[in-house]
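In: got a predicted structure plus its sequence, pasted below:
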Amino acid sequence: MRILILGGSGRTGQLVIDEALQRGHTVTALIRKPDSLQPQPSLTLVQGTPLERSDVEKAFSAIPNELPSATIVTLNAVRISDNPWSANASPPRMMADANANAVAVMKTHGIRKVVTMSAFGVADSWPNMHFLLRMTIKTSNMSYQWEDHAAVDREMKQSGLDYVLVRPAMLKEGEAKSVEFHGDKGDQGVKLMSSITRRSVSKFLVDAAERDEWDRSTPVITN
């Protein structure tokens, strides 16, 4: 299958590209700086931003007569440092607007499958996050990211597409491990320090693009 990836230059996005290529898929990545990724067979790099609908359209049409059959979005808001109290460097609705552009272009071409990396604690999973983590988010600039993720949640659920909003717990580095599922709202045993490796998330994002068992769901996942 051909997959369009938005956010392919990020830490998780690069792993998604590698995973998809290893499975034999053809990948198109829309990124601001194409030279930030190593050229690979079956990988097409398109320069642009998902905040411009015309750039998303350009990425969809990058290979003549071969539209993507699925879109994977691994975008995340950027802060000036990893400190949760550091200032945001992204527009308030960066993720929501990018996903809305993707949905609009997908509908134009009749493409239905979109898999978006969200986060545990977004939307209706918020009450099931440990209160210490909720307090950290509410009292730091991380709150803007969660609000943007929540806007994505609303956009996707109203889209009419076969969306999968993947809600990983705290991301960490490491090899891929088995994935544990905690329901769509994280109400099935997520602990305070639950986490999941980026490689595990990247494999699951590609799984969700290939299969339909998680369509129109918001799976909370950990290792």
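Out: Everything's here; your move. Residues are numbered from 1 along each chain as shown.

In: any weak-confidence spans in the chain?
Out: Scanning the chain for pLDDT under 70 picks out 79, 81-86.

In: going along the chain, name the strands of it.
Out: 2-6, 26-31, 43-47, 70-73, 113-117, 162-168, 170-172, 180-181, 195-197, 220-222 (DSSP state E).

In: columns mean neighbour count on top of the ones you listed, output as JSON lines?
Out: (Glycine included, C-beta is placed from N, CA and C.) Listed next are those as JSON lines, based on neighbours: other Cβ atoms under 10 Å:
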{"stretch": "strand 2-6", "mean neighbour count": "26"}
{"stretch": "strand 26-31", "mean neighbour count": "24"}
{"stretch": "strand 43-47", "mean neighbour count": "18"}
{"stretch": "strand 70-73", "mean neighbour count": "28"}
{"stretch": "strand 113-117", "mean neighbour count": "26"}
{"stretch": "strand 162-168", "mean neighbour count": "25"}
{"stretch": "strand 170-172", "mean neighbour count": "14"}
{"stretch": "strand 180-181", "mean neighbour count": "15"}
{"stretch": "strand 195-197", "mean neighbour count": "19"}
{"stretch": "strand 220-222", "mean neighbour count": "24"}
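
In: distance to Lys203 added to those strands, as TSV?
Out: Below are these laid out as TSV (distance: least, Cβ to Cβ, whole Å):
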stretch	distance to Lys203
strand 2-6	14
strand 26-31	15
strand 43-47	18
strand 70-73	12
strand 113-117	12
strand 162-168	11
strand 170-172	14
strand 180-181	14
strand 195-197	9
strand 220-222	11
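
In: of all the ones you listed, which one is nearest Pro127?
Out: Proximity to Pro127, assessed across the strands of the chain by Cβ to Cβ, is greatest for strand 220-222 (12.4 Å).

In: quick one: the closest one to chain centroid distance?
Out: Relative to its chain's centre, strand 220-222 lies at 14 Å (Cα atoms, centre = their mean, to the nearest Å).

In: can you name every helix or strand that it contacts?
Out: strand 162-168, strand 180-181, strand 195-197, helix 198-210 (3 or more Cβ pairs under 8 Å, 6 or more residues apart in numbering; DSSP states H and E).
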